[in-house]
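K.L.:
Make a model of this:
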Amino acid sequence: MKALPRIFIAGAALSFSCASSSSAGRGGRREGADGVGGGRRRHRRRALRKSRASPSVHHSDRSDEGVLLGHAVTLEMPVDESSGSAFPEEGDEVHPAEASETRGLFMSMPTRAAVTPTKNPNSSTASSGSEAFPPTISIPTLRPTSLPSADGEGRLIEFTVENLDGEPGKKGTFIVLTRPDWAPIGAERVETLVSDGFFEEVRAFRVLPGFISQFGINGDPEVQAKWRSNYLEDEPVAVSNSRGTISFASAGPGTRTTQLFINMNDRNSFLDKRGFSPIGQVVEGMDVVERFYSGYDDDPGGGPIQWKIRSEGNEYLQLSYPKLSYFSKVQFLYGRSIEFPIATNGLDDRETPRQQEGKKAEVRCTTSKGPIVLTLYEDWSPNGYRKAAELFERGYYDHSHFFGVVPGFLVQFGIGYTADLDLKEFADSTVEDDPKRTDLMPFREGYISFAGSGGKNSRSSQLFFAYNNVKHLGNYPWETPIGEVTEGMEIVRNFYSGYGDMPPWGNGPQKGLIRNEGASYIENKFPLLDKFEICHVKRIDGKPTKNPTKSVTSSGSESFPPTISAPTVRPTSKPVKGSPSASPTLAPNSDRKGRLIEFTVENLDGEPGKKGTFIVLTRPDWAPIGAERVETLVSDGFFEEVRAFRVLPGFISQFGINGDPEVQAKWNSNYIEDEPVAVSNLRGTISFASAGPGTRTTQLFINLNDRNSFLDKRGFSPIGQVVEGMDVVERFYSGYDDDPGGGPIQWMIRSEGNEYLESAYPKLSYFSKVHFK
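P.N.:
Here you go, the predicted model:
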């Protein structure tokens with residue numbers, strides 16, 4: 001991924017994946033970047049149109065796998081913003097290795113001539129401009145034949161990591177299992193690299209917490225050069241990019257070489273449709289992977305620059321980025337069984353191997369009341385354990401509500417809001433009953449069990465926690481306990497119970513309506529109910545246990561960081577009346593209440609006639625300046641007919657360029673001051689997009705998951721939150737690729753407005769009405 005190192009951002013918001021070449025010395029706020037300096041603007045447009053007409057207009061003699069994906073790490077377009085454009089201008093001083101690297105890094109067409117993929121370096125390549133080199137790297141005998149075998153069982157590889165947390169002397173190991181049954185070509189390439197010692201002393205140069213950890217550029221430039229054009233054939237995506245899976249980074253079709261990334265969450269499934277095919281999985285030590293040093297910003301925000309790693313190697317990294325975690329030893333493991341297969345998110349029809357007796361799953365969850373820890377035991381209820389553990393691992397219970405809270409009896413939950421049809425089908429499927437465990441009776445407080453429908457083999461997804469010692473629970477096989485609450489029972493006791501049980505026994509929600517209407521039904525009718533936020537699962541070996549322990553304090557247990565949860569209910573006090581002035585002369589008052597704003601959205605799912613609403617609450621207590629700017633824009637009618645032009649499922653939805661170029665021009669340089677990040681960028685929070693410090697104007701983005709906390713340290717300060725209708729936000733049309741992969745181009749929206757969008761991108765969702773409630 002490469003832009004000139006002096007550019008910290010490419011786009012009117014942020015760009016973690018740098019994809020813009022820039023002229024030297026231009027930076028900060030620009031006059032004319034948004035449409036005021038016609039001569040340069042016309043030159044940039046000609047360059048852009050020329051590049052789109054001829055994908056091979058740029059040529060490079062080096063691999064461009066630099067950016068894992070431009071989509072998930074850019075909160076703005078990489079064209080004609082900040083201090084430069086995606087193409088150098090006359091007079092720009094450009095490094096020869098930089099000038100051609102603008103488009104391939106965003107997963108568009110490769111920027112080099114087509115080549116025939118090869119498995120190992122050879123004496124000549126077909127790529128124009130590529131260097132020839134002697135055949136110094138041979139194919140190791142990893143399998144009986146030279147061709148990858150999809151029937152192979154994979155190999156276990158142990159990585160010893162130094163500089164954990166960026167501190168010398170802190171080390172750990174994690175183990176990877178290659179999966180030739182998923183991607184035989186990719187799996188064999190990784191095994192070849194390990195056999196050649198390629199990964200030793202290699203740095204994890206790009207670590208985005210909660211997203212990905214990327215590595216794979218050798219510290220010796222001569223070694224790396226031998227793999228530069230040694231591309232692999234692409235392979236189908238057999239399983240999803242879920243947490244712990246490993247895929248090759250690439251610059252487009254047919255460009256996989258040596259770079260890999262480890263997925264850090266279960267929300268990266270949007271990478272699947274972009275062709276990132278997992279080739280293996282971390283089967284032990286994800287807690288070590290999560291300690292890779294992440295304190296350096298992503299290039300170009302201050303992090304390592306990939307072409308410099310290739311050209312200068314570890315000498316450059318040790319001098320400029322000494323805290324990076326690296327691999328001191330990478331070796332195959334022999335004679336060890338494979339113990340921790342992970343869920344494949346429904347994309348693999350092979351059965352996941354059964355857990356051995358005595359294993360357990362530690363489930364750490366954040367809830368609206370605070371953190372809790374659940375421990376599921378396989379030997380209590382083998383079938384129930386496997387079903388529940390996988391549901392938690394795949395995120396089915398994330399954000400679901402505790403809909404039946406009956407003091408002295410139980411807390412019931414387990415109707416998820418997933419849009420993943422495979423996961424929903426799995427959740428709705430039933431499992432066979434397990435033998436009744438009389439040694440676990442009577443039910444103790446904190447026990448966890450499936451809530452069967454009252455018949456044989458009826459367990460699907462609904463679970464309950466027991467309050468107190470309940471003698472009449474557990475008398476049927478479908479109520480066999482599967483685990484217990486081992487930390488945070490005091491939090492469970494405090495879940496809101498004012499609605500009581502489900503009808504006709506109480507005034508709580510009806511399960512059928514939860515299934516049919518989803519979260520909006522609960523949030524509208526039962527806004528005080530508590531819910532899960534996010535759950536993380538750790539599988540643990542252990543001896544069979546017949547009786548639960550009241551606490552689990554394993555020294556190896558994972559911890560989760562404290563998070564600031566945004567409330568999801570409306571304020572009890574009435575919002576203040578009146579509109580802020582267009583140009584406030586006084587500092588906004590952070591003590592005042594926020595305002596409720598209703599957005600009516602057209603073209604949901606990209607279909608005319610489909611509409612819905614969501615409601616935003618501005619939060620001047622978080623960011624008074626930003627909150628007032630949003631209120632000013634609403635008062636001026638700015639957001640009406642505005643398109644959500646950049647929608648990346650599971651990451652962000654971005655909007656805020658007015659459809660009238662004359663209106664937009666009035667705001668292009670109307671910057672507001674930055675503000676401290678008061679709360680994390682959690683699901684439903686709204687922040688300004690920006691091009692760097694002091695450049696917030698009109699563009700906003702809505703966070704679509706709870707894994708965007710890495711945006712906090714980059715200064716994206718939430719100014720409000722969606723308090724109703726997140727299900728509507730998640731239906732914004734997302735079928736257009738992110739620019740420059742085919743999506744809307746921001747400078748063209750500014751210059752041509754909705755006329756351009758309606759012609760080129762007619763399915764975009766847009767706001768027909770935006771008003772204060």
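K.L.:
Could I get the full set of strands for the stretch 501-650 of the chain?
P.N.:
Secondary structure of the stretch 501-650 of the chain by DSSP state E, counting those that start in this stretch: the strands cover 532-540, 596-602, 612-618, 646-648.
K.L.:
Could you say which of those is packed most deeply?
P.N.:
strand 646-648 (a mean of 26; mean count of other CB atoms under 10 Å). All C-beta atoms are positioned from the backbone trio N, CA, C, and that covers glycine.
K.L.:
Give me the neighbour count for the nearest residue in space to Gly275 that is not next to it in sequence.
P.N.:
If the residues on either side of it in the chain are set aside, Gly275 comes closest to Asp234, at 6.2 Å by CB to CB, 6 or more residues apart in numbering. By the criterion of other CB atoms under 10 Å, Asp234 has 20 neighbours.
K.L.:
distance between the ends of stretch 292-307?
P.N.:
Taking CA to CA, to the nearest Å, the first and last residues of stretch 292-307 lie 22 Å apart.
K.L.:
rewinding a little: same list (the strands of the stretch 501-650 of the chain) but as JSON lines, adding mean pLDDT.
P.N.:
Below are those laid out as JSON lines (pLDDT from 0 to 100):
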{"stretch": "strand 532-540", "mean pLDDT": "87"}
{"stretch": "strand 596-602", "mean pLDDT": "96"}
{"stretch": "strand 612-618", "mean pLDDT": "96"}
{"stretch": "strand 646-648", "mean pLDDT": "91"}
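K.L.:
for these, which one sits closest to Gly244?
P.N.:
Ranking the strands of the stretch 501-650 of the chain by their distance to Gly244 (criterion: CB to CB) puts strand 532-540 first, at 10.5 Å.
K.L.:
Adding distance to Arg228 as columns, could you present the strands of the stretch 501-650 of the chain in CSV?
P.N.:
Formatted as CSV, the strands of the stretch 501-650 of the chain follow (distance: least, CB to CB, whole Å):
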stretch, distance to Arg228
strand 532-540, 38
strand 596-602, 46
strand 612-618, 47
strand 646-648, 30
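K.L.:
now for these, which one comes closest to Val770?
P.N.:
It's strand 596-602; of the strands of the stretch 501-650 of the chain, that one is closest to Val770 (CB to CB) at 5.2 Å.
K.L.:
That closest one pairs with which strands, and in what direction?
P.N.:
Looking at strand 596-602 with DSSP bridges, its partner strands are strand 612-618 (antiparallel), strand 766-772 (antiparallel).
K.L.:
Mind putting those strands into TSV with distance to Ile262?
P.N.:
Formatted as TSV, the strands paired with strand 596-602 follow (distance: least, CB to CB, whole Å):
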stretch	distance to Ile262
strand 612-618	34
strand 766-772	37
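K.L.:
mind checking which of these is nearest Val239?
P.N.:
strand 612-618 (32.8 Å).
K.L.:
State the distance from Met748 to Tyr756.
P.N.:
Counting by CB to CB, to the nearest Å, the gap from Met748 to Tyr756 is 5 Å.
K.L.:
Over to Asn314?
P.N.:
Asn314 is 47 Å from Tyr756, by CB to CB.
K.L.:
got a list of what Val485 touches?
P.N.:
Each residue near Val485 by CB atoms under 8 Å, 6 or more residues apart in numbering is listed here: Ile372, Val373, Leu374, Gly446, Ile448, Phe465, Val492.
K.L.:
before we move on, the earlier item: closest to Gly637 out of the strands paired with strand 596-602?
P.N.:
Here strand 766-772 is closest among those (CB to CB), at 7.5 Å.
K.L.:
residues of that closest one that come out buried?
P.N.:
For strand 766-772, the buried set under the neighbour-count rule, 16 or more other CB atoms under 10 Å, comprises Tyr766, Phe767, Val770.
K.L.:
in the stretch 301-450 of the chain, which spans are strands?
P.N.:
So, for the stretch 301-450 of the chain - with DSSP E, counting those that start in this stretch - the strands run 326-333, 360-367, 371-377, 404-406, 410-413, 447-450.
K.L.:
which residues of this protein score low on pLDDT?
P.N.:
Judged against pLDDT under 70, the low-scoring parts of the chain cover residues 1-152, 298-301, 335-358, 438-441, 452-455, 469-472, 474-477, 541-592, 737-742.
K.L.:
tell me the domain boundaries of it?
P.N.:
1-114, 156-333, 360-540, 596-772 (automatic domain parsing).
K.L.:
So Ala519 sits against Gly416, correct?
P.N.:
No - between Ala519 and Gly416 no contact is recorded; they are 9.7 Å apart, counting by CB atoms under 8 Å.
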